[in-house]
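[1] sequence first, then the predicted structure:
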Amino acid sequence: MIHLSDIRKYEKCEALLWQSKHDPQPYFPFLHPSLSMSELCKIYFDLQTCFEGHAGDDPALAMQALQDAPALVNARFAAQGVRVKIPLMIRGQSGFLVYFAYRSCFPRESEAQMIADHLSVLQALDIPVEDIRVICLDPAYVRGHELDIKAMLVEEDHLFNVRGHPQHSIRELCAPLQRDLRELAGSCERCLMQPQRPHPARSAVCTRGRRCAYFDSCFAPPQEDSILYLQQSAHKLDMYQEGIVRLADADLERVEGLRFQFAQIMAARNGGLFADRLALRQWMDECIRYPLTYLDFEWDTYAIPPYAGMKPFDVLCFQFSMDVEHEEGAALVHHEFLDKGDCREAFICALLKQIPQEGTILVFNMEGAEKLRLRQLARQFPQHAEALESLCARMVDLSLPFASGALHHIKMKGMYSLKVLTEIFAQRSYHDLDISAGMEAVRAHRLLEEGTGDEAQIRKQLLAYCGMDTYAEYLLYHAMKKIVDEEEA
């Protein structure tokens, strides 16, 4: 039996559907696992008695429960060759109130087709639907000492546009999207029965948002100077298919003209490296003051706030690494912090105690990371807000020269992550570390929280990883400075 999730994959890419069944990838949740939305909904609606479905249930069980159950949670239904799971159904006066639960604050209008397909299955089974709603998290909710589920969850009869505003009701959005699913289900069945993976067609969908988990197995890595690495380009696939395969040969009439794109093309035309040394020198003169502090945090993200003062999707910082260069060329002085549980205030106090009172704080990609983390902590602990804000004011983003196109190497392949840049400009790699990526650090810390595994070994690995991040910042800054100094000499 085809699941509705199979249809969604098929409509995105036939190869994706085939590979998801024949070569399933391990899943690790980005959000910290906590109470499921099903459990939260049962508490929110005070469902003392309800039918509760489980994976693999015979759909006949849910059909039978429709006769007398006041509510159904995770009920499985099947019609038109498709199996669906309805998160919550509550009996109303003329039918069922159907709820779709989202562990998010603003369920998007892009969900309308998925909801409409669920409703098509219910309609095919002659199950009366009185109303359609979503239940999601209230972004304004702030947890007290106890989790107030009735205050944290909200019911909505509409979805949200890309700006987070409601425009149309769920009924208005879904009515024109309902369809007979039998033909699609048959296409999915035939796709899955093929002995070989369908030929993948590269499109913007492959890399939109998070890159597809099967991207590397579908497409051979392009050459370093491939036009496919041209960032934010609406026309790169068209140029590639026309035979314009190298960045150096890009049709400038179809390039948007962004500074980063310019740097990519110039690097390809100038032997691999493009450096706007005047811009780099100006950035250093304006932003860098000793003592120079290299700083990095590690954190986990919680949809359901675990501690007082936290809001939905706040993070919990569990680790920092700090390297201090008191004057140019001086030996680094290292500080670190790692803890578990509600370690937020201990994190703040250790940070404020160990960081120099003056000088630049260099952070990589600070606006979406460390600075945002400090401002969340300042909201949660207002007694430290002034001190934390003063740190934010001293922060300088080490990624800015790369993001702005002031410095680019063709080996970057359109990316400027700290790990990629450190390998290119400082010839140092994370590959020898037991933990070599941020989500691996999150996984390790969750094991630490659970008390599973060798605690001493996990701590050692986490400290080595976060410490490598600040050392990489030090290496990268001095590699950049060397490029500028050599030109001036």
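    Noted; the coordinates are in hand. The structure displayed is predicted, hence computed values, not measured ones.
[2] residues contacting the helix or strand of the chain with the lowest mean pLDDT, please?
    Lowest mean confidence among the helices and strands of the chain (mean pLDDT, DSSP states H and E): helix 215-218, at a mean of 89. Residues from elsewhere that reach helix 215-218, judged by Cβ atoms under 8 Å, 6 or more residues apart in numbering: 15, 19, 23, 200, 202, 206, 207, 212. For the C-beta atoms, the positions are set from N, CA and C on the backbone; glycine is no exception.
[3] repeat that for stretch 407-418.
    By Cβ under 8 Å, 6+ apart, the list of residues contacting stretch 407-418 reads 224-226, 229-231, 247, 260, 263-264, 266-268, 272-276, 280, 364-365, 399, 401-403, 420-421, 424-425, 469, 472-473, 476, 480, 483.
[4] buried ones in it?
    Neighbour-count burial for stretch 407-418, counted by 16 or more other Cβ atoms under 10 Å, picks out 407, 408, 409, 410, 411, 412, 413, 414, 416, 418.
[5] go on, stretch 474-486?
    474, 475, 476, 477, 478, 479, 480, 483, 484.
[6] which one of those residues sits closest to residue 429?
    residue 475 (11.3 Å; Cβ to Cβ).
[7] for residue 198, what are phi and psi?
    Here is the backbone geometry of residue 198 (degrees, to the nearest 10): phi -60, psi 150.
[8] check which helix or strand residue 120 maps to.
    helix 112-124 (DSSP states H and E).
[9] the helix or strand just after that helix - what's its average pLDDT?
    The first helix or strand that comes after helix 112-124 along the chain, using DSSP H and E, is strand 129-137. The pLDDT scores in strand 129-137 average 97.
[10] measure how far the following helix or strand past strand 129-137 is from the centre of its chain, please.
    Note on strand 129-137: by DSSP H and E, the next helix or strand toward the C-terminus is helix 149-152. Relative to the centre of its chain, helix 149-152 is centred 25 Å away, using Cα atoms, centre = their mean, to the nearest Å.
[11] go on, stretch 339-349?
    That offset, for stretch 339-349, works out to 24 Å (Cα atoms, centre = their mean).
[12] in it, which residues are buried?
    Buried, per 16+ other Cβ under 10 Å, within stretch 339-349: 339, 340, 343, 344, 347, 348.
[13] one step back: show me what counts as buried in the least confident helix or strand of the chain.
    residue 218.
[14] convert it to PDB, retaining C-alpha atoms only.
    Extracted in PDB, the C-alpha atoms of helix 215-218 (Å, rounded to 0.1, in the frame of the first residue of the first chain):
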ATOM      1  CA  PHE A 215      22.200  14.300  -4.100                       C
ATOM      2  CA  ASP A 216      25.700  12.900  -4.100                       C
ATOM      3  CA  SER A 217      24.600   9.500  -5.300                       C
ATOM      4  CA  CYS A 218      22.500  10.900  -8.100                       C
END
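[15] could you point out which element follows that helix?
    Next element after helix 215-218 (DSSP H and E): helix 236-241.
[16] which elements pack onto the helix or strand following that next one?
    Using DSSP H and E, the helix or strand that follows helix 236-241 in sequence is helix 259-269. With contacts taken as 3 or more Cβ pairs under 8 Å, 6 or more residues apart in numbering; DSSP states H and E, helix 259-269 sits against strand 273-275, strand 407-409.
[17] can I get the ones you listed in TSV including mean pLDDT and distance to residue 314?
    Shown next, in TSV, are those (pLDDT from 0 to 100; distance: least, Cβ to Cβ, whole Å):
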stretch	mean pLDDT	distance to residue 314
strand 273-275	96	39
strand 407-409	97	34
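[18] re earlier: pLDDT of the helix holding residue 120, averaged?
    98.
[19] low-confidence ranges in the stretch 351-489 of the chain?
    By pLDDT under 70, the weakly predicted segments of the stretch 351-489 of the chain are 488-489.
[20] just to revisit the earlier point, any idea which of the helices and strands packed on helix 259-269 gets closest to residue 188?
    strand 407-409 (42.9 Å).
[21] note down every partner strand of that closest one and its orientation.
    Next to strand 407-409 in the sheet, as set by DSSP bridges, lie strand 273-275 (antiparallel).
[22] after the strand it pairs with, next one along is what?
    Using DSSP H and E, the first helix or strand after strand 273-275 is helix 277-287.
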